[in-house]
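**Student:** Quick one, what's the 3D model for this:
(chains A and B)
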Amino acid sequence: MSTTTATTTATTPATAAKRGGKAAPRSQKRGRLLIWVFLAPTLIGLGIFSFIPIIGSVVLAFFRWDIITPPQFVGVDNFVDLAANPTVRVSFFNTITFVIAAVIIQLAVALGLAILVQSRMPDWLRTFFRSSLFFPLILSAASVSLIMAYLFNQEFGLVNQFLNLFGIGNIGWLTTGFGAKVVVLFVYVWQNFGFTFLLFIGGVSAIPKEVYEASSIDGVTGWRQFRHVTLPLVSPTMLVASVMAIISALQIFDQPYVLTRGGPGNETRTAVMVIYESAFQQLEFGLASAVGIVLTLLIMLVTAVQFQLSKRYVFYG
Amino acid sequence: MADLTRRAMLAAIGLGIVGTAVSWPRLTARDIPGRGEDALTITVFGTAQDAMQRQGLVDGFQKLHPDIPVRIVAVQGQDWGSYFAKILTMIAAGTPPDVVTTATEGTQLFASRMAYPIDEFVQRDAADMKEYFDDVHPSLIESFLYKGNLFQLPDNFNAANVFYNTSALERAGLERPNDNWTLDDFLDVARKMEGAAQGTFLSYFWTNRLWGGVVPWLYINQTSFLTEEKAPGGEWLWKQFYPNETPRGGGYLWENADALNDKTVESFQVLERMVSEGLAANPAQGGGSELVALFASGAVGMTPAGGFWVQGLSEANVGNDEYDVTYFPRMRGQRHQFGAGGYAIMDTSPRKEEAWQWLKYCVSVEGMSIAHSQPDSSLPRKTLNDKLYGAGLGPAHWQVFYDTLERFPDTGPFPAPPQQAAVESALIKNVVPTITDGPEGVRPGLETMQRDLEIALRSR
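**Tutor:** This next block holds a predicted model:
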């Protein structure tokens, strides 16, 4: 703290006392002002690019608007349409089942690899795996999906060509409901587990070696060690990783849009795809906003439930 | 923490104000080249390179109209739907273009909401325009009429024909099929191609989209997935420019779903049989970008394509003797489908007269020749196709591209009502489930398609 500030701080209580203790000290006022000055750029940015659009979206959900003609107030009609539309219902069902599958697989793969890389690797190989497993995340999801679409092509894709070598016939990866879901899930998890993996690397490496040594002396090894030592100690990381993975998976768009366009039928259509299609293809911006609001509420609800449940399973040492 | 003096505070605020003022053009995007200029703004569907390639067209136009500055704006998109979405965003942002390129996919969307009818201009300049209409097939003009008004002049079109690999045909011991071949002939050719092929090979490869997807198979069976009617009106056009034609009405209306009529079911059953028999691919999604490589490598025997593909195959080093083109086979009829493209004037444009001059120039012999110097699309002016495809670049039977219109006068555009994006989505998402669940899966698949089409047509 500077001398000037110290002096000012020392004198102001007396001044305040003379004024009956009601007025805040001058330096405190300046301090508060300074806080707002420094916060202003962020707050202005958030206001313009986040808060105003969010409010706009909420308002828009009660209007019919096609960009070209003026918006028309329709009350809750968009929400009624949303509930009655089978495609919207299916897309939410798909999104939720996708999130469950993707998050479980993503967390399991990432944690498994993190433990493997941290425990049984020479340093150079560990560095190599840390980088290479994170690498898919820096690629564009659309580019990855385009390449995967070629690989999983039913007639000419490399995956089926490879399976043919073992006498397995061509599989309709992208043209059957189950196949398309598997491919979308695979591409998404392959590209996104790298971040979760890095989180777990941090979590696993923070566990003191002494804890493992002590548990080994007590005869706790292998699966029991993982279950009773590793898992509780990485549970705070697990909470962060799962919250982020769920929020990200609920917003899945690129992979199904490029790989399958939501098909076959509606098998891989997701909530965000419906938002895009409603707004930019069908010019129903009100309906799109309504779907967006429902999705946002769903994300908030899931996150709240998760934090509530975390009180039971997260161990903070 | 350092205390903030009043002077420092004022200086910081002052700096902020100055910084904002200096960067104002950037913040408000006013520094984008051409923005705010008094120029005729034309959007084209493509890349910046595509826009640059139109410079010849702009130069030619400005020789005639030196007083009309022109700015070409390239709008990139994965498909026409994303292009239209970006045009709508430009409108919402308060920077609508004066003229937009659009194709059959967007003709009725623009006509119903944001395009300006060109009837008054065509009638005013009828003497100049007569020569154009004399050279252009009425089916193409009809596709740009909407509820009695004309909105565009076709400057390119592509009918869906069957491209075939000549080696695959020869290997199967077959000769070029007759122009009026039937569905059975087609299946026979496909089976023989398949039987004679070695390695990975598909007799028929197709893409799941409006152009060249299921629609050709519906049209040759005299059916569709939407009802097709004609709007009243348009007499002024037919009487004046096509006096020998029976008036065709005021344009197509596709207002109801019709996926469950017997002929539609029959066409889908044919496709289901072809897929289950291994003669046809399970249709690929998207634009079919992989097709050129597959066709060039000889892995595909036949595929729906149009005049536009000649340039694509040439760029892939496929010799024009390695493939040829013929008509789609006959079922109940042999009606073909086409898609056409052209420019539309925006209703909001304050430069409608200048925009009309641009439209007129683009469909003139000079304009169309400059715009299509390579065989990347069939041309609505019959006479120009001779130069484009007959100069050695096209396949042996390149005349098929234009003759499709004359040989089968009922040939028409694929269904694209104002709700085209929703309708296309409802169609393509149901095609694969309909043709891959066995013969019993066809009708349930079409029932779902019918339901989705009804919802799509109800969309606003």
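**Student:** From residue A:45, how far off is residue B:26?
**Tutor:** According to C-beta to C-beta, to the nearest Å, residue B:26 and residue A:45 sit 15 Å apart. Backbone N, C-alpha and C define where each C-beta goes, glycine included.
**Student:** what secondary structure does residue B:41 sit in?
**Tutor:** Under DSSP: H, G, I helix; E, B strand; the rest coil, the three-state class of residue B:41 is strand.
**Student:** Disregarding residues adjacent in the polypeptide, which is nearest to it?
**Tutor:** Spatial nearest neighbour of residue B:41, excluding adjacent residues (C-beta to C-beta, 6 or more residues apart in numbering or on different chains): residue B:97 at 4.4 Å.
**Student:** hang on, the one you found packs against residue B:88?
**Tutor:** No - using C-beta atoms under 8 Å as the test, residue B:97 is too far from residue B:88 to be in contact (11.4 Å).
**Student:** what are the ranges of the strands in the stretch 101-250 of chain B?
**Tutor:** Ranges of strands in the stretch 101-250 of chain B, per DSSP state E, counting those that start in this stretch, are B:115-116, B:145-146, B:149-150, B:152-159, B:161-165, B:202-204, B:207-208, B:229-230.
**Student:** Save those strands as a markdown table, and put in mean neighbour count, distance to chain A and mean pLDDT too.
**Tutor:** Shown next, in a markdown table, are these (neighbours: other C-beta atoms under 10 Å in any protein chain shown; distance: least, C-beta to the nearest C-beta, whole Å; pLDDT from 0 to 100):
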| stretch | mean neighbour count | distance to chain A | mean pLDDT |
| --- | --- | --- | --- |
| strand B:115-116 | 24 | 11 | 96 |
| strand B:145-146 | 26 | 16 | 97 |
| strand B:149-150 | 22 | 18 | 98 |
| strand B:152-159 | 26 | 18 | 97 |
| strand B:161-165 | 25 | 15 | 96 |
| strand B:202-204 | 25 | 6 | 94 |
| strand B:207-208 | 23 | 8 | 88 |
| strand B:229-230 | 14 | 23 | 96 |
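**Student:** and the gap between the nearest residue to residue A:232 once chain neighbours are set aside and chain B?
**Tutor:** Using C-beta to C-beta, 6+ apart and skipping the chain neighbours, the partner closest in space to residue A:232 is residue A:315 (4.1 Å). Using C-beta to the nearest C-beta, to the nearest Å, one obtains 38 Å as the distance from residue A:315 to chain B.
**Student:** next one: residue A:93
**Tutor:** Separation of residue A:93 from chain B (C-beta to the nearest C-beta): 16 Å.
**Student:** what secondary structure does residue B:344 sit in?
**Tutor:** Classification of residue B:344 using three-state DSSP returns strand.
**Student:** what about it, how many residues close to it?
**Tutor:** 24 (other C-beta atoms under 10 Å in any protein chain shown).
**Student:** Residue B:102 is in contact with that one, correct?
**Tutor:** Yes - at 5.3 Å, residue B:344 counts as touching residue B:102 under the criterion of C-beta under 8 Å.
**Student:** residues shared between the contacts of these two?
**Tutor:** B:110, B:152 (C-beta atoms under 8 Å, 6 or more residues apart in numbering or on different chains).
**Student:** give me every residue that touches the residue nearest to residue B:41.
**Tutor:** Residues near residue B:97 by C-beta under 8 Å, 6+ apart: B:41-43, B:73, B:87, B:90, B:346, B:349.
**Student:** what's the helix or strand for the nearest residue to residue A:85 once chain neighbours are set aside?
**Tutor:** Nearest residue to residue A:85, sequence neighbours excluded (C-beta to C-beta, 6+ apart): residue B:455, at 6.9 Å. Using DSSP states H and E, residue B:455 falls within helix B:442-458.
**Student:** And residue B:52, by the same measure?
**Tutor:** Element membership for residue B:52 (DSSP H and E) is helix B:48-53.
**Student:** what about residue 301, how many residues close to it?
**Tutor:** Looking at chain A here, since you left the chain open. With other C-beta under 10 Å as criterion, residue A:301 counts 10.
**Student:** um, chain B though
**Tutor:** Under the criterion other C-beta under 10 Å, the count of neighbours that residue B:301 has is 28.
**Student:** likewise residue A:83?
**Tutor:** The number of residues near residue A:83, taken as other C-beta under 10 Å, comes to 12.
**Student:** Enumerate every residue touching it.
**Tutor:** Counting by C-beta under 8 Å, 6+ apart, residue A:83 has contacts residue A:89.
**Student:** Next, it: secondary structure please.
**Tutor:** Applying three-state DSSP: residue A:83 is helix.
**Student:** per-residue pLDDT, it?
**Tutor:** pLDDT for residue A:83: 92.
**Student:** Any figure for the gap between it and residue A:278?
**Tutor:** Counting by C-beta to C-beta, the gap from residue A:83 to residue A:278 is 14 Å.
**Student:** Over to residue A:115?
**Tutor:** Residue A:115 sits at a distance of 43 Å from residue A:278 (criterion: C-beta to C-beta).
**Student:** So the two - more neighbours on which side?
**Tutor:** Each of residue A:115 and residue A:278 has its neighbours counted (other C-beta under 10 Å); residue A:278 has more, 27 against 17.
**Student:** What are the phi and psi values at residue A:277?
**Tutor:** Residue A:277 adopts backbone torsions of phi -70, psi -40, taken as degrees, to the nearest 10.
**Student:** can you pull the contacts of it?
**Tutor:** A:262, B:421-422, B:425.
**Student:** Adding secondary structure, neighbour count and distance to residue B:166, write those out as JSON lines.
**Tutor:** JSON lines is the format used below for the contacts of residue A:277 (DSSP: H, G, I helix; E, B strand; the rest coil; neighbours: other C-beta atoms under 10 Å in any protein chain shown; distance: C-beta to C-beta, whole Å):
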{"residue": "A:262", "secondary structure": "coil", "neighbour count": "27", "distance to residue B:166": "38"}
{"residue": "B:421", "secondary structure": "helix", "neighbour count": "25", "distance to residue B:166": "38"}
{"residue": "B:422", "secondary structure": "helix", "neighbour count": "25", "distance to residue B:166": "40"}
{"residue": "B:425", "secondary structure": "helix", "neighbour count": "23", "distance to residue B:166": "37"}
